[in-house]
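**Q** Pasting a predicted model and its sequence here:
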Amino acid sequence: MSNGVHEIEDAKLLLVFGYNGADSHPIVARRIVRAKRKGAQIICVDPRRIETARIADLHLQLKNGSNLALVNSLAHVIIEEGLTDNAFIAERSHGFDELKELVKKYSPEAVADITQIHPDDIRKAARLYATSGQSMILYGMGVCQFAQAVNVVKGLANLAIMTGNFGRWGVGIGPVRGQNNVQGACDMGALPNSYPGYQNVTIPEVQAKFEKAWGVPLSNKVGVPLTHVPRYVLHEPEDKKIRAYYVFGEDPAQSDPDLNEVRESLEKLEFLVVQDIYMTRTSQYADVILPATGWNEHDGVFTCCDRGFQRIRKVINPPPDADVLTDWDIISRISTAMGYPMKYKNTEEIWNELIDLCPNFTGATYEKMEKYVNVQWPCRSKDLADKGTSFLHKDGHFANPDGKAKFSAVDWLPPTEKENQEFPLIFSTNREVGHYSARSMTGNCRLLRNLEDEPGWIQMNPALCQELGVKEGELVKVVSKRGHCVTRCLPTERVKKQAVYMTYQWWIGACNELTIAALDPISNTPEYKYCACRVEKIKNQVWAEKYVLEEYAKIRAAMGVNPKGGQTA
């Protein structure tokens, strides 16, 4: 995120692109509402009529998968109508001529069939964004979970660069991360190509620094992205196969695409370790389970989506009979048993080691987090007066060798799998406010289960429901080339007839049985937001209801879950 979440309410225009804050991040959504109350204009870009669309000045209800076509068209209008910040472009960027040439063919009329948006609305959106004087872009998984995701992000950055909406308060571009501390995981080096602090493993000086600090030789080879694991288990030659897998706070057997392939790979592993706070679908395949403390049972630090470090403080002790340890203690003990001693007294010792090795984090001490609550990196000085950096690229100085922003010129490509006669509908995953992520936590809360439980819902346009002869609450079968699941029909005018939507946390309504493992070539993120499917009416609803109850009971029993709530193992 180039700017802070707290800056959202001071923007004069918010371009909210593929991001549903009301369901994903209610606290961030409150900032959007405050911005509206202060007079900000809002452009909502989403194929559904989400909550943001209700308060938006303009809703661009684009067709699923047409993101980059729309972004390039917005750039086309801004350039053709002379709404660019020419001084900023000339002094603080390069590559503009290539983009200018590419977007000539992306007029609003040229992309109307692709985006299903009226050309007048595209022009209106472009003018509003370019002329507000203080525009901020917020984007979410509706941008990131496509095979062309990185190029769309670069395209959104193009809009900010060409209009000078970088390097000052209340502007910029903000990826509002999908899950708690996903930013922190990346910050800490949970990536296949970097050490903590985004220091690349292939750079000799970086490698030498960490070797000196840790006292062991380190590899300069980039590791395997998480979404490539099934291929490395099932399809790579013997000398490249993954045989053992350590899954830590993740549930790939529920949250990864094409679950049939994922589960096959988990079954064929020689050794699987799962470290988590509850039993998960993945834990069913584990050889060893390492139970960890919950979020309120340990200390630590997490990073907000806007680069803000905040303390986690222990509130309670685990139950006396709970055989659990903190995550850092488990990892330290395993490392020590494997021959590399890790000896820490507390999380602050670990944190101090980290910030001394990461220049952008050096100033984010426990003392500062105690004083200021939130310290945003870069924070390079331990001087108590340095509170960190709210917005990046101040005065147009960018983190490239020449200090300038780089435009990206890339053509739109259609999604990997297109709908057809057998699978005529567009399928997309989404989130909901009532359950979190893969539901390993909220699924163990009796109150939340009573409010909403298996098998979840599929959002369908009423016209489609009528065409298929299904009513609200009836169980339906959803099918793609990769698998099927059972869920309940939820008619809603918020979605178009051609597309249906499901949340991914349900066990019976496990929509990742359907999704495709097509990946963005740069980020390796799956195309969760687009595949082809069909919805089938289930004639025998009595049988279907019995099926859901029986299957749910089997899964809960296999996971050691007490039918009355809580876990027995």
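**A** Happy to help now that I have it.
**Q** Could you use CA atoms for every contact and neighbour count after this?
**A** Noted.
**Q** Next up, the contacts around residue 144.
**A** 150, 153, 525 (Cα atoms under 8 Å, 6 or more residues apart in numbering).
**Q** residue ranges with poor pLDDT in the chain?
**A** For the chain, the stretches flagged by pLDDT under 70 are 561-569.
**Q** For the residue nearest to the spatial centre of it, give its distance to residue 505.
**A** By Cα atoms, centre = their mean, the mean C-alpha position of the chain lies nearest to residue 178, the distance being 3.6 Å. Noted for residue 178: a distance of 14 Å to residue 505, by Cα to Cα, to the nearest Å.
**Q** Same check on residue 467?
**A** 28 Å.
**Q** Then residue 194?
**A** 30 Å.
**Q** Who has more neighbours out of those two?
**A** residue 505 (26 against 23; other Cα atoms under 10 Å).
**Q** in which helix or strand would I find residue 75?
**A** helix 67-80 (DSSP states H and E).
**Q** the domain parsing of this protein - what is it?
**A** Per the record, the chain has its domains at 5-176, 178-220+292-383, 425-559, by automatic domain parsing.
**Q** Point out the most buried one among those domains.
**A** domain 5-176 (a mean of 21; mean count of other Cα atoms under 10 Å).
**Q** any idea how far that one is from the chain center?
**A** 18 Å (Cα atoms, centre = their mean, to the nearest Å).
**Q** First residue to last residue on that domain, what's the distance there?
**A** Domain 5-176 end-to-end distance (Cα to Cα) = 9 Å.
**Q** Quick check: chain neighbours aside, which residue is closest to residue 405?
**A** Spatial nearest neighbour of residue 405, excluding adjacent residues (Cα to Cα, 6 or more residues apart in numbering): residue 93 at 4.4 Å.
**Q** wait, I meant residue 151
**A** residue 410 (6.8 Å).
**Q** what number of residues lie near that neighbour?
**A** Around residue 410 there are 18 residues (other Cα under 10 Å).
**Q** hang on, it is in a strand, isn't it?
**A** No. Using DSSP: H, G, I helix; E, B strand; the rest coil, the secondary structure at residue 410 is coil, not a strand.
**Q** ok, now which ones touch it?
**A** Taking Cα under 8 Å, 6+ apart as the test, what residue 410 contacts is 99, 102, 151.
**Q** Pick the one among these closest to residue 54.
**A** residue 151 (28.3 Å; Cα to Cα).
**Q** So the closest one lies in a strand, does it not?
**A** No. Per three-state DSSP, residue 151 lies outside any strand segment and is helix.
**Q** pretty sure it contacts residue 71?
**A** No. Using Cα atoms under 8 Å, residue 151 is not in contact with residue 71; the gap is 10.1 Å.
**Q** So residue 335: helix, strand or coil?
**A** Under three-state DSSP, residue 335 comes out as helix.
**Q** before we move on, back to that, quick check: the residue nearest to residue 405 vs residue 553, distance?
**A** Taken as Cα to Cα, the span from residue 93 to residue 553 is 59 Å.
**Q** I'd like the contacts of residue 410 as JSON lines, with distance to residue 203 appended.
**A** Compiled in JSON lines, the contacts of residue 410 are given as follows (distance: Cα to Cα, whole Å):
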{"residue": "99", "distance to residue 203": "31"}
{"residue": "102", "distance to residue 203": "34"}
{"residue": "151", "distance to residue 203": "25"}
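**Q** Which one of these is nearest to residue 304?
**A** For these, the nearest to residue 304 is residue 151 (24.0 Å; Cα to Cα).
**Q** ok, now which ones touch that closest one?
**A** 68, 408, 410.
**Q** my guess is the residue nearest to the centre of the chain meets residue 142, correct?
**A** No. Using Cα under 8 Å, residue 178 makes no contact with residue 142, being 10.3 Å away.
**Q** a strand runs through residue 523, doesn't it?
**A** No. Assigned with three-state DSSP, residue 523 falls outside any strand and is coil.
**Q** who touches it in this structure?
**A** Per Cα under 8 Å, 6+ apart, neighbours of residue 523: 149, 150.
**Q** what does residue 274 give?
**A** With Cα under 8 Å, 6+ apart, residue 274 has these contacts: 246, 247, 248, 249, 282, 283, 286, 288, 289, 290.
**Q** Whichever of these end up buried, select them in ChimeraX.
**A** Buried residues among the contacts of residue 274 (16 or more other Cα atoms under 10 Å), as a ChimeraX selection:
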select :247,282,283,286,289,290
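**Q** Next step: the contacts of residue 274 restricted to helices.
**A** Per DSSP state H, helices hold no members of the contacts of residue 274.
**Q** Return the closest of the contacts of residue 274 with respect to residue 454.
**A** Of all the contacts of residue 274, residue 282 has the smallest distance to residue 454: 18.2 Å, by Cα to Cα.
**Q** how close does that closest one get to residue 69?
**A** Relative to residue 69, and taking Cα to Cα, residue 282 is found at 38 Å.
**Q** again, but for residue 159
**A** 13 Å.
**Q** Now for the two: what residues contact both?
**A** By Cα under 8 Å, 6+ apart, no residue touches both residue 159 and residue 69.
**Q** Helix, strand or coil: sort out residue 15 for me.
**A** strand.
**Q** element containing residue 129, please.
**A** Going by DSSP H and E, residue 129 is in helix 119-131.
**Q** got the contact list for the helix or strand following that helix?
**A** The C-terminal neighbour of helix 119-131 among helices and strands, as given by DSSP H and E, is strand 135-139. Residues from elsewhere that reach strand 135-139 (Cα under 8 Å, 6+ apart): 8, 11-19, 129, 156, 160, 165, 170-176.
**Q** repeat that with 6 Å
**A** 11-19, 171-175 (Cα atoms under 6 Å, 6 or more residues apart in numbering).
**Q** swap in stretch 114-128?
**A** Here stretch 114-128 makes contact (Cα under 6 Å, 6+ apart) with 62, 63, 66, 74, 78, 108, 109.
**Q** Report the contact partners of the second one.
**A** Shown in contact with residue 63 (Cα under 6 Å, 6+ apart): 47, 115, 116.
**Q** from the contacts of residue 410, which is closest to residue 37?
**A** Nearest to residue 37 among the contacts of residue 410 is residue 151, at 32.8 Å by Cα to Cα.
**Q** Quick check: the closest one vs residue 439, distance?
**A** Taking Cα to Cα, one finds residue 151 at 31 Å from residue 439.
**Q** just residue 465 next, same as before
**A** Counting by Cα to Cα - residue 465 and residue 439 are separated by 28 Å.
**Q** Equivalent analysis for residue 550, please.
**A** From residue 550 to residue 439 the distance is 19 Å (Cα to Cα).
**Q** Tell me which helix or strand residue 210 sits in.
**A** helix 204-214.
**Q** what's next to that helix, contact-wise?
**A** Taking Cα under 6 Å, 6+ apart as the rule, helix 204-214 contacts residue 217.
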